[in-house]
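1. need a 3D model of the sequence below.
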Amino acid sequence: MGENRVFRVIKKISTDFFKDIKYYSVKLALLRTAETIFQTLRLKNVARYFQTKKTAYVLEYLKSHYGYVFTKSVNEESKGERETSIFNKPIWICWLDGIENAPLLVQKCVSSIKKNAGNHPVNIITQDNYTEFVTLPEYIMEKKEKGLIGAAHFSDVLRVCLLAQYGGLWLDATIYCKGKLPDNYFENDFFTCKSEPSDVGCVSKNQWTTFCLGGTQDCIIFQVLRNFFFEYWKTEDCAIDYLFFDDAIEVAREYLSEINYLINAVPYNNTERDCLIMRFADPWEKGCVDDLFAGTTILFKLGYREKQFLNEFTNKGEPTVYAAFLKDFEMGGTI
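-> Presented below is the predicted three-dimensional model:
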C-alpha cells in the first residue's frame, strides 16, 4: 500500500470516527472504523461482518428516531398533475455543477440517455435550476450551503421530491444507456433495477437501486421517502451512513407492506448492469463487448471515480475498452 493511500485511509478513519462520536455514538464509530480497516486490508469476510453490524445499528437508529415518519399519511396536495400517458413521462438526471462541467464519462452517459429517451423529456437538474422544479424546506437549503449536506445526499433529496411531485424515471448521470428505453420502465407504479438477491454488499441485496428509480408521482415509496428526508434533515446535521438512502428504503419496507409489495413486484431487469465497467481496463478488440450489448441489459452503471478502470491504454500500450467507450465504440467494434 502506497504512502498516499495510507494517509488517505488514516484521514478517513479519523474524520469518520470523530464525526460519529459527535453526532451518534462511540459504538458506531468503532464499527465503522473496523469496517474501513479490514476493507483496506482486503479481509473481506471480516470487513463484511463489521459492515453488517454497522448496518444493523443504522437501521435501528432510523427506526427508533424516525419510525413514525413511515406511518404518516402522505400529503395529497403535494402531488403534481397526474400523468395521462406513459410516453411523455419525464426523465430526471442531476449534475449540480452542470453537464458541461462534468467528467467526459458523465457527458457520454448523459448523451446516451438523451439519444435513447424517445418522446420522454430529459430534464438535467443543476444547482441553478432545481428550484424551478421543487421547493425544499429552508433548513435543507441552509444545511447544504453550510456543507452539512453533501452533493450526493442533496441529490437523494432532489430525486424523491421530483418523483413524488412529477413521477417519471430518475437515472444517475453515470448510467450508460445502450438502446431505446423500454416502455415498461414507465408503465407501472414503481420501477427500479433488480436482480437475483445477494447477501453481499448493500442492504438492498440487489432488490432495488437508488441510481435508477421510477414510477408515478402518487407512488407511496416516493411520498414516504420525501417525508423521511425532510424529517431527518430537520433534526440531523450529518448523514449517518453514505448509503443511508438504501437503509431508509429497507425501513420503509418493514413498516409498510404496500412498499414491500411494490418492490417485490418489479421483475428482474438489467442484471448485467455492473459488467461493462468491469471490462473497461481490458484491451479493446472487435466484438469484445458484443455479448453485453446483445443481452437484455439496457442500463449499465459506470463510475467516474473508479480510476482502476479508467485508463485509455493497458500497461502494454493497447487501447482499452474504456478508450473505445470514449469514442462511442467506433474503434472497429460492432457496436
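2. drop to CA atoms for contacts and neighbour counts, all remaining ones
-> Fine.
3. low-confidence ranges in the stretch 51-200 of the chain?
-> Counting by pLDDT under 70, the stretch 51-200 of the chain has low-confidence residues at 73-85.
4. can you give me the helices in it?
-> Using DSSP state H, counting those that start in this stretch, the helices of the stretch 51-200 of the chain run over 104-115, 138-145, 151-166, 184-187.
5. and these: which comes nearest Leu41?
-> Nearest to Leu41, of all those, is helix 151-166, at 26.7 Å by CA to CA.
6. would you mind getting the angle between that closest one and helix 138-145?
-> 150 degrees (axes from the mean of the first three to the mean of the last three CA atoms, to 10 degrees).
7. show me what helix 151-166 is packed against.
-> strand 91-94, strand 168-171, helix 220-235 (3 or more CA pairs under 8 Å, 6 or more residues apart in numbering; DSSP states H and E).
8. please save the CA atoms from that helix in PDB.
-> Output in PDB follows, covering the C-alpha atoms of helix 151-166 (Å, rounded to 0.1, in the frame of the first residue of the first chain):
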ATOM      1  CA  ALA A 151     -23.900  16.900  -3.100                       C
ATOM      2  CA  ALA A 152     -24.700  13.100  -3.100                       C
ATOM      3  CA  HIS A 153     -27.100  13.300  -0.200                       C
ATOM      4  CA  PHE A 154     -28.700  16.500  -1.600                       C
ATOM      5  CA  SER A 155     -29.300  14.700  -4.800                       C
ATOM      6  CA  ASP A 156     -31.100  12.000  -2.800                       C
ATOM      7  CA  VAL A 157     -33.500  14.600  -1.500                       C
ATOM      8  CA  LEU A 158     -34.000  16.000  -5.000                       C
ATOM      9  CA  ARG A 159     -34.800  12.700  -6.600                       C
ATOM     10  CA  VAL A 160     -37.500  11.700  -4.200                       C
ATOM     11  CA  CYS A 161     -39.000  15.200  -4.400                       C
ATOM     12  CA  LEU A 162     -39.000  15.200  -8.200                       C
ATOM     13  CA  LEU A 163     -40.500  11.700  -8.400                       C
ATOM     14  CA  ALA A 164     -43.100  12.400  -5.700                       C
ATOM     15  CA  GLN A 165     -44.200  15.600  -7.500                       C
ATOM     16  CA  TYR A 166     -44.000  14.600 -11.100                       C
END
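9. now that helix: how far from the chain's centre is it?
-> Its chain's average C-alpha position is 11 Å from that of helix 151-166, according to CA atoms, centre = their mean, to the nearest Å.
10. over to stretch 99-117?
-> 16 Å.
11. skipping its backbone neighbours, what lies nearest the most centrally placed residue in the chain in space?
-> Residue closest to the mean C-alpha point of the chain, counted by CA atoms, centre = their mean, is Phe211 at 3.1 Å. Taking CA to CA, 6 or more residues apart in numbering, and ignoring the residues beside it in sequence, Phe211 has Asp172 as its nearest neighbour in space, at 5.0 Å.
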